[in-house]
Every structure is written in structure tokens, then in C-alpha cells.
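Student: coords please:
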Amino acid sequence: MSYQEELHKLEISLTATGYQLCPKCSKERKNKTHKCLHVEYTEKGILYNCHHCHWNGAVWYNKFKSNKKQYVRPEKPEVLDNKEKLYSYFKKRGISKEIVDKYNVQINSKNTIIFPYYKDGELVNHKYRWTKKDGKKGFMQDKEAEQVFYGMDMITDFSKLIIVEGEIDVLSLAEIGIESISVPQGAAEVKLDCIENCYDWLQKFESFIIAVDNDPPYTEEDIIKNPKLKDKDPAGDVLRKNLLFRLPKEKCRIAKYEIDGNDGNISFKDANEILTQCDYAKDFLTIVMESAEYVPLDNIYTYQSCYSEIFDFKINGYESGLSTGWESVNKIFTIKTGHVMVVTGVPSHGKSFVVDSMLNNLSELHGWKHLKWDDESDIPTHFSQITEMKLRKKFTYFTNEEMKLCFNSYNDSFYFINNEVIRDYKSIMELTEQAVRRYGIKTLTIDPYSKLQHDNSVNETEFIRQFLSDLSSLSKRLNILIIVVAHPAKPDFKNKDKILGGYDISASSQWYNCTDYGLTVYRDYNKETHKMENINQVKVWKVKYKHMGDPAGGMGYLKWENFKLIDTIYEKTRYKTSNIEF
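Tutor: Alright, predicted model coming up:
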């Protein structure tokens, strides 16, 4: 719903600041013509307040504070008028001249095949395909073009949407009268920006059939040639999993390019292989799509449904966690999704800064995207701190080129929930689920817990227990990491040197009991300079499972140097570690 639609629903008709009749009380008043409702248009939204019945509220322009990425629309490339060579190529792939022309496929003087991408009738991208000297395929797309699905403007049946792995598979299915689309980068598609850019269009479909390539497992010979393939899933499996993660799972079906033959099960790689090798390709592909099976229901499992996971665990054990970006911290714990992390510490000791530094590391090292409900900092301040970490210089000294670089680097890395409108954690959870589907978010940070709107109908301990329980369920369901910054209780002035733990957080022991990771950020006070030291001590007081790190906990030391937190190991005598209790 747009803000204009919401205003219409509220019966607010003004399009600029002023007074109008109140839809709640004007009809009941003696002076029915008195305009008692004041409507004010502000930079962030529309405020309304009735001076008679005191009906009031706000309609905000946007719930998310993020800039929409700007794309470059491509120019039409130079192509050959004579397409006989192109027709000849596709004829060998079982694809007719009519289908080539229907999808406006072109060829240039360098024998590069050009697939145009359209969205709502507008040309938004080209994909170029050619054969290299070594016989391998080469691919390229227009620079800074919008990533959308290939063939989306050709879809007329919204009861189901078939998603394949390449443009030639789209043409192959079109040859036998089956509509489909392809991701723009094939099995290499990881970010799936096409889902974000086509999100509203995807909502039209009742179901999705994922019909990506049936790639065999990597052989020992493959792994010898490329050791990085060890323990990796086949490319088609990876794309299938990524699509299932971003699309509504309950609407998804999986198509398999297989058929039972006289000599057993016969498998094919993709739709085009069936089209070129099977006498009854149309019947076969129709059966493949119609017999696609729904993904098993969430929350119901059997040993058989977890067969591959069980054997993988037998062979490989738990998957390693990701680096925090600091080796001293990695020795205590690594980052795994599906968990909740609680970070505490007394004011001004750097809780939020350590969290932001870790999020920045996760973006730089692993390409993660983050969602924040941040009541401790505004967006310009956050942007300046994050970008100072990247360029290692003061924000006010950035050049225009450096500013452009930072916007390009970070615009898709951090998203912010409008904390002026969204104050309760359940609304945050709802927006997080939408952001994970649309943007591919990997973390949610709530900073701080104390600024959230609380449910006064239950006591604080029960509210915190339910809050952490709901976040834990959300983290597992969406496979994300959730970080909560929570302030400690009133400090113990008799024991100033004690580094606090989970049981010292305000209001409840549930902070320790219900979290997976527990951290305290602490800085020593220098009595000579009367300033805080520039060393952040990160005390890890809880790591729930051994595969996440060391359940005994530990201490990491991070030094603020040249606008960034870096690893540093100092002598234990420098710190009052005798007071640390795990």
C-alpha cells in the first residue's frame, strides 16, 4: 500500500499542509463546517491531529530508509542483418527460426550471440555469448545494467512460473510451447538481484517450478584439476538452493530431467539436451514439468528426508563457521547463521562500534547484507563510520570520487528499518522476513533492546524470554544471524574493574539462558590520562555449541588504529583479567 492509498483509507484529502473536516467527529458536531483536523506534510511523512476529538497519527512515506539503485539502460548493439549463421547454430540445438525471432536473438560480426532482456516492454540488458579459442564458452552482460529474468515479458500464464538456468533452455521450452524464464547469470547466480528487481512481478504467480540443470557430482578428476571444488555441491544444486531460499518455499516445485527407461533411470542435463536427443521431447518435457514435486513441508522431517545431511555429517562433521575478521576472536568463536548473539557492556565502551565493525568485516569477507533497527545512530553517522573503516581516513576528507566509491560499495550492504515508525519487535521480525526474501539479508541487528516498545501486559522477565525465543525461531527459519545489543543493569561501583557477563544484563537472567552467543565489550580507564584506552576487550561469556567455538569462552583484544578495529594481543598483565568470570 502506498502512502497515498493509506491517506485515502483514512479519508484525509489534503495534498499539502492545512486544515480539513475530521472524518471522526465533524459529522457529529454542531458546527459541521469547522475544519478541526490539522494535516502537516513533513520531510518524512504526513502528521494529522484533530483539535476537537484528538484523533491523531502519522502516515510515513517509507518504512525502509535505503536508496534505490540506479541502473544504466543499454544502447542497442550493432548486429548483422543476415541472421542465417545464427539460425544455423540454433537449428543444431533444435530451436527454430521462428523462436529465435520471437525472442529477438541477434548476432554480430564477431559471431557473438546477443540475448536481449526486457522488463515491462523496456530493453534493460543484453547477455553476450561467444566461443573462445580454447573452445570454452564466454559470457558478458551490459555494464551497470539491471539484472532481470530472461523471457519475463513473454509470460502469459500466471498459474505457474518455470525457472531454468540459461537462455537456450528458455528457447528450447518455447519451441514446444512451454513458457519459462532464466536467471541472468546461470549457475553462477549467487546474489539473485533479479529477484529483488522483479519482486512485485513474482508476486503474481501461484507456484514456481525450479527446473535448473541436473549437474552430476564433481569427480575426483574434477577436484584434482580444481581443488576448490572439494566438498562443493554441483552448480545446479547450489542455484536450486539459492532460489528456494529466496522464493516462498511452500509454492515451489522441483523438476527433474529424468525418465524411467528399460535399462533403468535415464538422466539428462537440461531442457535443450532432451530437445536434441529425444524423439518425443515435447511429451517428455511436458511430463517433467507436470510431475515436478512440491518441496517437503517445513517443520516436518523424517530420517529419509534428511538422508544426505546425515551422511554428510558422518563424513564431514559440522560445517566450519565464518571468520569474524579478527583472528583473536575466531579462536573463541566463528559466525554461523541460525543463531542469536547478545552483546552487552557499560555505556561508552564501544558495543555498537564493535558490532558495526564485525558487520563490516562480514560484508567485506563474505559479501553479507545487513538489516539494522538502530536507535543509537542516524544513517549519515553510520555511513561515515563504516566508510572510514574502508578508506582508513576521516570522512570529512573524502573526495567526490571516494564518496561515489563508498556509495557503490555499501548501498547494497546495509538496510535500515525506520525506527521512528517501527518500535515493536514483532513488526521488526515481519520486515526482516520481507527483507531476507527481497534483498538477501544475512543479519538483523537490534540496537538497543531498551528502546523497543515493550508489552506492559506481562512482566519484564517473561517479555524478554518470549522476545529471545521468537528471535531464535526467526533466525533458524530464515537462516540469518540476529544480534541484540542490551544494556547492563546498574553498575557495581564497589567492583568497577569487573567485566560484566550475561547475568549482569538489565531485567532478566534470560539474556544468558536464551542466547547462543554472548559477548561483553569493555575498555580500561586510564587514571593518568583520565580517558578510555583504545583497546576494546571482547569477553565471550557464552558459546552454546562446540561447533560454533569454545564453550569455555575467552577474551579477544581489538585495537582502534587508523579508523578501524584490528587484532592485537597484549600481555595479560596489561589487563585486569583476574576479575574475569566465565
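Student: burial count for Ser180?
Tutor: Ser180 has 25 neighbours, counted by other Cβ atoms under 10 Å. C-beta: built from backbone N, CA, C; applies to glycine.
Student: cool, and Ile224?
Tutor: Ile224, neighbours per other Cβ under 10 Å, totals 10.
Student: now it: how far from Asp233?
Tutor: 18 Å (Cβ to Cβ, to the nearest Å).
Student: do the same with Glu430
Tutor: 31 Å.
Student: What of Trp201?
Tutor: For Trp201 relative to Asp233 (Cβ to Cβ), the value is 29 Å.
Student: Ok, Lys69 next?
Tutor: 30 Å.
Student: Could you point out the longest helix of this structure?
Tutor: If you go by DSSP state H, the chain has its longest helix at helix 460-478.
Student: Asp524 - how many residues pack around it?
Tutor: 16.
Student: That one touches Glu533, doesn't it?
Tutor: Yes: judged on Cβ atoms under 8 Å, Asp524 makes contact with Glu533 at a distance of 4.5 Å.
Student: is it true that Arg240 lies in a strand?
Tutor: No: counting by DSSP: H, G, I helix; E, B strand; the rest coil, Arg240 falls outside a strand, being helix.
Student: What residues does it make contact with?
Tutor: Ile210, Val212, Ile254 (Cβ atoms under 8 Å, 6 or more residues apart in numbering).
Student: From Lys249, how far off is it?
Tutor: Going from Arg240 to Lys249 by Cβ to Cβ gives 12 Å.
Student: Then Leu322?
Tutor: Per Cβ to Cβ, Leu322 is found 24 Å from Lys249.
Student: More neighbours: those two, which one.
Tutor: It is Leu322, of Leu322 and Lys249, that has more neighbours when counted by other Cβ under 10 Å, with 18 against 15.
Student: Setting aside sequence neighbours, what's the nearest residue to that one?
Tutor: In this structure, Leu322 finds its nearest non-sequential neighbour in Ile335, 4.4 Å apart by Cβ to Cβ, 6 or more residues apart in numbering.
Student: And that neighbour, its phi and psi?
Tutor: phi -90, psi 130 (degrees, to the nearest 10).
Student: show me where the stretch 1-150 of the chain has helices.
Tutor: 3-10, 84-92, 97-102 (DSSP state H, counting those that start in this stretch).
Student: hang on, the earlier thing: kindly reformat the contacts of Arg240 as CSV containing pLDDT and secondary structure.
Tutor: CSV is the format used below for the contacts of Arg240 (pLDDT from 0 to 100; DSSP: H, G, I helix; E, B strand; the rest coil):
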residue, pLDDT, secondary structure
Ile210, 96, strand
Val212, 94, coil
Ile254, 95, strand
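Student: Ranking by neighbours, what's the top pick from these?
Tutor: Val212 (27 neighbours).
Student: Can you pull the poorly scored residue ranges out of this structure?
Tutor: 1-2, 62-68, 188-189, 231, 261-264, 298-299, 490-497, 569-582 (pLDDT under 70).
Student: and it, what are its domains?
Tutor: Using automatic domain parsing, the domain parsing of the chain gives 3-60, 84-294, 327-579.
Student: where's Ile107 relative to Leu80, distance?
Tutor: 6 Å.
Student: So these two - more neighbours on which side?
Tutor: Ile107 (21 against 14).
Student: roughly how far apart are the more buried one and Phe398?
Tutor: The spacing between Ile107 and Phe398, counted by Cβ to Cβ, is 45 Å.
Student: For burial, what's the neighbour tally of the closest residue to Gln141 other than its chain neighbours?
Tutor: Nearest residue to Gln141, sequence neighbours excluded (Cβ to Cβ, 6+ apart): Lys127, at 5.2 Å. Applying other Cβ under 10 Å, we find 21 residues neighbouring Lys127.
Student: tell me the contacts of Lys127?
Tutor: Contacts of Lys127 by Cβ under 8 Å, 6+ apart are Ile114, Phe115, Tyr117, Phe139, Met140, Gln141, Tyr150, Glu167, Pro184.
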